[in-house]
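S.K.: Return a 3D structure for these sequence lines:
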Amino acid sequence: MMNFVKAAALSTVIGLACSACSELASAEKRSNTIAGVASVIDGDTIEIHGERIRLSGYDTPERGKRCGNINVYQKAALALSDFIGRQTVHCDVSGTDRYDRSIATCAVGGVDLGDHMVREGWGRDWPRYSKGRYAGEERSARSKSKGVWGLRCPDSLWGNRNYG
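M.R.: Here you go, the predicted model:
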């Protein structure tokens, strides 16, 4: 009988500890922030601590997209990777997408990654999600022929997405 009581007590303690861990994890998720050293997946997706994050408000060329002999998908990913380096990336999560990635606005050293990528011409404003946040950077990149805007790209570069 004593072993049963000890086992029940131990089970209760473990259950409470697991519940506390679960509540802590939920609280962390609700805080809507993620920070750490990022791995770049592509020009608008990173990973921090094993969590995929879709950078909000802008878009970059998809896998396989080229302008002539230039792989602009790869160029965009490298531009983001070079900018981030090994610095800590701070993200404010606003939700998740259909692929179960977090959607976030992220920054390095106080510089929004979307501002940087669109300003350098490797991304474009996506008003449907940005509410025009990166429109000025896109206009500037286009006028200076930066990134993709300085290349001879096919009309299909951005696929059939609506950026209006």
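
S.K.: Look at the closest residue in space to R133 that isn't next to it in sequence and report its pLDDT.
M.R.: Leaving aside its chain neighbours, R133 sits nearest to G57 (5.3 Å; criterion: Cβ to Cβ, 6 or more residues apart in numbering). Yep, even glycine has a C-beta here, placed from its N, CA and C like the rest. For G57, the model assigns a pLDDT of 97.

S.K.: ok, now which ones touch G57?
M.R.: By Cβ atoms under 8 Å, 6 or more residues apart in numbering, the contact set of G57 is T105, G114, D125, W126, Y129, S130, K131, R133, Y134.

S.K.: Span of stretch 150-163 from start to end?
M.R.: Distance across stretch 150-163, first residue to last, is 19 Å (Cα to Cα, to the nearest Å).

S.K.: where do the helices sit along the chain?
M.R.: 2-30, 72-84, 113-119, 127-130, 135-143 (DSSP state H).

S.K.: quick one: average confidence on the longest one?
M.R.: Taken as a whole, helix 2-30 carries a mean pLDDT of 46.

S.K.: The second one too?
M.R.: Summarised as a single mean, pLDDT over helix 72-84 is 98.

S.K.: list the buried ones in that helix?
M.R.: Buried positions in helix 72-84, judged by neighbour count with 16 or more other Cβ atoms under 10 Å: V72, Y73, Q74, K75, A76, A77, A79, L80, S81, F83, I84.

S.K.: quick check, distance from stretch 60-68 to the centre of its chain.
M.R.: Going by Cα atoms, centre = their mean, to the nearest Å, the spacing between the C-alpha centre of stretch 60-68 and its chain's C-alpha centre is 19 Å.

S.K.: Actually, stretch 63-74.
M.R.: On the basis of Cα atoms, centre = their mean, stretch 63-74 sits 21 Å off its chain's mean C-alpha point.

S.K.: Endpoints of that stretch, how far apart?
M.R.: End-to-end distance of stretch 63-74 (Cα to Cα): 8 Å.

S.K.: Would you mind pulling the contact partners of that stretch?
M.R.: Contact partners of stretch 63-74, identified using Cβ under 8 Å, 6+ apart, comprise 42-43, 60-62, 122, 147-148, 151-154, 157.
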